[in-house]
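In: attaching a predicted model along with its sequence, questions to come.
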Amino acid sequence: MEQRPPEVLGVDIGQVLIEQRPEDPSLLFRGPNYLNSPEMPDAFRVLRRLREERFGENIYLITRCGRTVREKRIEWLDHHRFYERVGIPRVTPRYCWTPQNKSDVCYDLGITHFIDDDPRELVHLDGLIPTLLLFRPEERYVAEYERFVAQATVRVASWLAIEKLLLP
């Protein structure tokens, strides 16, 4: 019997794990109180279930940002006890400088499922990753990539929707 390759989940960080609340400037991640930025509702709990029931330790954080934001994201993950609560080994997230670089990282890791909020990022993963989940995207980018979004992604509005989709 032929063995199936493992399923591997890639997860973006900004606006996927970290909730942005523009109506409350004290909680903006780019501000001085970035550690107070809340986690996206249900994200850690659902990721823990995905680890336990489907992906095992094959869950990677893959994100594009500059050096300053990178350091803040590492601090935020530690402050919110991400690795402990999700139950995956504490490894440094894979940081990418360009969307094209994100596709290289995903290829190297064998990513089969990816969750991102930005179709401008996901478009570079089209044809490489079978399951592209577009999480609460900004509508202006959806309009710009309307055909790609409709044909190549599954739009999800919450981590509860991801849970229902990936853990039937």
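Out: Great, that's in hand. What you see is a predicted model; the values in this text were computed from it and never measured. Numbering: from 1, shown residues only.

In: can you report how many residues lie near the nearest residue to Glu121 once chain neighbours are set aside?
Out: Excluding its sequence neighbours, the residue lying closest to Glu121 (Cβ to Cβ, 6 or more residues apart in numbering) is Pro99, at 5.0 Å. In short, each C-beta sits where N, CA and C put it, glycine included. Around Pro99 there are 16 other residues, counting by other Cβ atoms under 10 Å.

In: do Phe148 as well
Out: 17.

In: mind listing the strands for the protein?
Out: 9-11, 59-64, 94-96, 113-116, 131-135, 154-156 (DSSP state E).

In: between the ones you listed, which gets the lowest average pLDDT?
Out: Mean pLDDT is lowest for strand 94-96 among those, at a mean of 93.

In: show me what that one pairs with in its sheet, parallel or antiparallel.
Out: The pairing partners recorded for strand 94-96 under DSSP bridges are strand 59-64 (parallel).

In: hmm, who's touching the partner strand?
Out: 8-14, 17, 47, 50-51, 73, 77, 86, 88, 91, 93-99, 101-102, 105-106, 109, 111, 114, 121 (Cβ atoms under 8 Å, 6 or more residues apart in numbering).

In: switch the cut-off to 6 Å
Out: Contacts with strand 59-64, where a contact means Cβ atoms under 6 Å, 6 or more residues apart in numbering, come from 9-13, 51, 88, 93-94, 96, 102, 105, 109.

In: got the CA coordinates for that strand in CSV?
Out: Taking C-alpha atoms only, strand 59-64 is exported to CSV below (Å, rounded to 0.1, in the frame of the first residue of the first chain):
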residue,chain,number,x,y,z
ILE,A,59,2.5,23.2,11.7
TYR,A,60,4.7,26.1,10.7
LEU,A,61,4.4,29.9,11.1
ILE,A,62,5.4,31.6,7.8
THR,A,63,5.1,35.3,7.5
ARG,A,64,6.4,38.3,5.6
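
In: in it, which residues are buried?
Out: 59-64 (16 or more other Cβ atoms under 10 Å).

In: how far away is the residue nearest to Glu121 from Phe148?
Out: 13 Å (Cβ to Cβ, to the nearest Å).

In: residues near His79, how many?
Out: 12.
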